[in-house]
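Novice: when you get a sec, could you give me coordinates for this:
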Amino acid sequence: TKSTYLQLISVKIIVMHHLEWLVDMEAQYSLTRAQRVRAAMFPETIVEGETVLTAQSNPDQPTNVQRLAEPSQLLKTAIVHLINYQDDADLATRAIPELTKLLADEDQVVVNKAALIVNQLTRKEASRRVLMQSPQLVSAVVRAMQNTGDLETARCAASVLHSLSHQREGLLAIFKSGSIPALVRMLSSPMESVLFYAITTLHNLLLHQEGAKMAVRLADGLQRMVPLLKKTNPKFLAITTDCLQLLSYGNQESKLIILANAGPESLVFIMRNYNYEKLLWTTSRVLKVLSVCPSNKPAIVDAGGMQALGQHLTGSSQRLTQNCLWTLRNLSDAATKQEGLDGLLQILVSQLGSDDVNMLTCATGILSNLTCNNARNKTLVTQSGGVEALIHAVLRAGEKEDVAEPAVCALRHLTSRHTDAELAQNAVRLHYGIPAITKLLGQPHYWPVVKATVGLIRNLALCPANQAPLRESGTIPRLVNLLLKAHQETQRHGSGAQQTYQDGVRMEEIVEGCTGALHILARDPFNRGEIASMQTIPLFVQLLYSYVENIKRVSAGVLCELALDKQSAEMIDAEGASAPLMELLHSPNEGIATYAAAVLFRISEDKSSDYRKRVSVELTHSLFKHDPAAWEMVNIFIQESHSTPAQCTLLLMRSFRIVYAVSIFNLDAVYPPYGYSDLPMDGLPLDAELHEQYMPEMTYDPRQVYPNPL
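Specialist: As a prediction, this is how the structure comes out:
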């Protein structure tokens, strides 16, 4: 139709027009291709106001030409930088001789201008590298800094050294110029910026330049740095405290200098009053170094260090928490009498539930020391659920002696000599701790753990309800085996003053501890029978001859209990115990004499009347040897009384109030505090610039070597 024909004509016209437009655009693109490539690769060649045709249809998608132009732009930028770098280097090379001369000028205005120019040159890398290669210029800068009375000149000179100290070559140049004494003197400058440049430069030297630490010490750097702890800028303090850590680690003289300048008090003040994490971390590192110094320990504790460090045990910074724990661990043996630690003790009990071995090691060690000979702390830890938490720590420790030993020591302290000791003894049983504790006596033996465990078992046996569970867990045969093994070791090395050590523990202590534990266990009739059935009586009699007084006492004590059974009394007598027991009657140790008297009385009950009378006289003389008037009255009583000698002796012994409580010796005194010696530190230093990220600390390893900082 006519209308259809007209539509076809219209479409044809539109198509032809579009084709003409495409041909025209193609022609334009062909004509402007070179211009577009030049605009993409060298945009600075485009004349201002000139419009360049673009083939980019989507602004978010670069064209192929634009993508290919990126490397050329980078290359051009690099070439420009290289040209500028060379220009800077050439400029500095030509200027050095003249600047060196100007820095030594008598006119302070000239010196100031020269220092300002040198400072500007150090801002660019190329000129800075040239400057650090000129020892004459570096020495001139140092002389200008220390000789000028103008603070601005001193600031520029200190800034120059600070800039140079960021490269190894610059550090070496500064060190060789002998600038350390001058930098140390700058620590007394009234200008804050000079102080910052000086301390930062010294910090970089201490971190990376060999020999710098000794040079700073010889220049009395510590005496200048410690007073700077009174400043209030947290970032400045962070650098200062890290300098103190670098100087004092492994150097006892430096630690004592810090102490003499009231360093511990200032460091504790920082820990108590600041919240800048980097400062707290660096300060805790210094305190950790000082905490192994016998002279600094009490000073830190007296300044409130335990409480201040305890504030940071629950924060979000893991590295700060770990440092505080190690420091508290080192200080804790000097803080056994410290008051106001309730909050710290409760935090430590809660941290016993941690899966972190380092945290567990520290928490158990601190609790062990703080509960030693401190009845209040013992009671508080017991009431805070410490017994259960420590038992769980022992169970999780497995073969880790660093956790097991202090945990058992803490339990040993909690189960003796305070108002809740019996509560703690029962708690160990109620929380199923007895089997786990008994297991620690097994092979292989790590003697410090064995020593602590034996003392704990003795305390547990003081509670009658624990006697049967201890027997059922196999405690008695294990104690006897340990006793035999330790005794054999002592016999192998002979008697006298020579003592046998295993893992730092005297075998005589193991003999004493095992015998003492068996003594308390023997209060139970069933335990008594089991002990006697293991052929232990000959050994106990032999131990009466020991040169160690405490071993004599516990041996006489266990024989005193065993002699309650007639059969055991006969075995004791058959082993020839009467002779050493008669000798021990005259011991100046009241406990030994009393036990010996009790054993002799019991084994003489079936003897002849003459023997019993002779024993009665000997016992009576021993019991009243310190009271001549009473002894005279007793003689008259024996002569005039119609009682039998045995009855007289029994009456006399009752009057003397023989009680077995005499045997309960002070375990806290026998076993010293669980102390720690100088520990390897996690010596990862601060980076040179405060605004950079700190390097992460490594997991603590007692065997790790203090790394040399890079």
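Novice: so how far is residue 168 from the closest residue to residue 108 other than its chain neighbours?
Specialist: In space, and not counting its chain neighbours, residue 108 is closest to residue 150: 5.6 Å by Cβ to Cβ, 6 or more residues apart in numbering. (Glycine included, C-beta is placed from N, CA and C.) Counting by Cβ to Cβ, to the nearest Å, the gap from residue 150 to residue 168 is 31 Å.
Novice: so how many other residues sit close to the residue nearest to residue 108?
Specialist: Neighbour count of residue 150, defined by other Cβ atoms under 10 Å: 15.
Novice: same deal with residue 147?
Specialist: As a burial measure, residue 147 scores 15 neighbours (other Cβ under 10 Å).
Novice: test for you: state the pLDDT assigned to it.
Specialist: Residue 147 carries a pLDDT value of 91.
Novice: show me the contacts for it.
Specialist: Residue 147 makes contact with no residue under the criterion Cβ atoms under 8 Å, 6 or more residues apart in numbering.
Novice: surely residue 133 meets residue 169?
Specialist: Yes. If you go by Cβ atoms under 8 Å, residue 133 and residue 169 touch, sitting 7.2 Å apart.
Novice: who has more neighbours, these two?
Specialist: Between residue 133 and residue 169, counted using other Cβ under 10 Å, residue 133 has the larger neighbour count: 15 against 12.
Novice: contacts for stretch 153-172 next, please.
Specialist: With Cβ under 8 Å, 6+ apart, stretch 153-172 has contacts from 108, 111-112, 115-116, 118-119, 122-123, 128-129, 131-133, 138, 141-142, 144-145, 148, 173-174, 179, 183, 186, 189, 191, 193-194, 197-198, 200-201, 204-205, 208-209, 688-689.
Novice: hmm, I typed the wrong one, I wanted stretch 224-238.
Specialist: By Cβ under 8 Å, 6+ apart, stretch 224-238 touches 184-185, 187-188, 192, 195-196, 199, 240-241, 243-244, 247, 257-258, 261-263, 266-267, 269-270, 274, 276, 278-279, 282-283, 686, 690.
Novice: change it to 7 Å
Specialist: Applying Cβ atoms under 7 Å, 6 or more residues apart in numbering, the external contacts of stretch 224-238 come out as 184, 187-188, 196, 199, 240, 243-244, 258, 261, 263, 266-267, 270, 274, 276, 278-279, 282, 690.
Novice: look up how far residue 361 lies from the residue nearest in space to the middle of the chain.
Specialist: By Cα atoms, centre = their mean, the chain has its centre lying nearest to residue 326, at 2.1 Å. As for residue 326, its distance to residue 361 is 9 Å (criterion: Cβ to Cβ).
Novice: got the buried residues for the helix or strand that contains residue 266?
Specialist: Take DSSP states H and E as the rule and residue 266 turns out to sit in helix 263-273. If you call a residue buried by 16 or more other Cβ atoms under 10 Å, then helix 263-273 has these buried ones: 263-271.
Novice: what's the model's confidence in it, averaged?
Specialist: 98.
Novice: so how far is the helix or strand just after it from its chain's centroid?
Specialist: On the C-terminal side of helix 263-273, the closest following helix or strand by DSSP H and E is helix 277-290. The chain centre lies 12 Å from the centre of helix 277-290; the measure is Cα atoms, centre = their mean, to the nearest Å.
Novice: which other helices and strands contact helix 277-290?
Specialist: helix 234-248, helix 263-273, helix 296-302, helix 318-331 (3 or more Cβ pairs under 7 Å, 6 or more residues apart in numbering; DSSP states H and E).
Novice: then the second one to PDB, C-alphas only?
Specialist: So that's helix 263-273. Extracted C-alpha coordinates of helix 263-273, given in PDB (Å, rounded to 0.1, in the frame of the first residue of the first chain):
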ATOM      1  CA  GLY A 263      63.100   5.200  88.700                       C
ATOM      2  CA  PRO A 264      60.800   2.500  90.200                       C
ATOM      3  CA  GLU A 265      58.500   5.100  91.700                       C
ATOM      4  CA  SER A 266      58.200   7.000  88.500                       C
ATOM      5  CA  LEU A 267      57.600   3.800  86.500                       C
ATOM      6  CA  VAL A 268      54.900   2.700  88.900                       C
ATOM      7  CA  PHE A 269      53.300   6.100  88.700                       C
ATOM      8  CA  ILE A 270      53.100   5.800  84.900                       C
ATOM      9  CA  MET A 271      51.400   2.400  85.200                       C
ATOM     10  CA  ARG A 272      48.900   3.700  87.600                       C
ATOM     11  CA  ASN A 273      48.000   7.000  85.900                       C
END
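Novice: please name the nearest non-neighbouring residue to residue 526.
Specialist: residue 471 (6.4 Å).
Novice: who touches the one you found in this structure?
Specialist: 526-527, 530.
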